[in-house]
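Student: only geometry, no sequence info:
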């Protein structure tokens, strides 16, 4: 028995065996809350008090909620960044209406070449024929 400086009993933290923690974790995976009779059976089978099982479950739920909240925040950030990326892509498409319109047969080759270079690095590997019959990239 440990005593504090005033001679009163000092509260000691219980240490649970690996087997007890394993059984508690397995039970927690199945249900996050234990009713009285379930708690009593589990406590008896593990050699613990009902109060110890109750507090362990309270603490474990708190840990689970914090982890779950962090995972949800990470997923939301990922979703938000993907939404922003898609939004940016759609804005670029709106700016590039010239690229999506059918080509005017009378437009000059320079304009066509610029459009292709803008959307396909290296000009997309397409050959454009100049009116003189020469091929250009």
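Tutor: Yep, it's here. Predicted model only: the values in this text are computed from it and were never measured.
Student: Where in this protein is the helix or strand with the lowest mean pLDDT?
Tutor: strand 135-136 (a mean of 51; mean pLDDT, DSSP states H and E).
Student: Neighbours of the residue nearest to residue 32 when sequence neighbours are not counted, how many?
Tutor: Leaving aside its sequence neighbours, residue 32 sits nearest to residue 61 (Cβ to Cβ, 6 or more residues apart in numbering; 5.8 Å). (Glycine included, C-beta is placed from N, CA and C.) Counted with other Cβ atoms under 10 Å, the neighbours of residue 61 add up to 13.
Student: In terms of helices and strands, where is residue 61?
Tutor: Element membership of residue 61, judged by DSSP states H and E, is helix 50-95.
Student: Relative to residue 81, how far out is the most centrally placed residue in the chain?
Tutor: In the chain, the residue lying closest to the centroid (Cα atoms, centre = their mean) is residue 75, at 3.1 Å. Separation of residue 75 from residue 81 (Cβ to Cβ, to the nearest Å) stands at 11 Å.
Student: quick revisit: pLDDT averaged over the helix holding residue 61, what's the number?
Tutor: Averaged over helix 50-95, pLDDT sits at 85.
Student: Now do it: which elements does it pack against?
Tutor: Helix 50-95 sits against helix 18-30, helix 36-46, with contacts defined as 3 or more Cβ pairs under 8 Å, 6 or more residues apart in numbering; DSSP states H and E.
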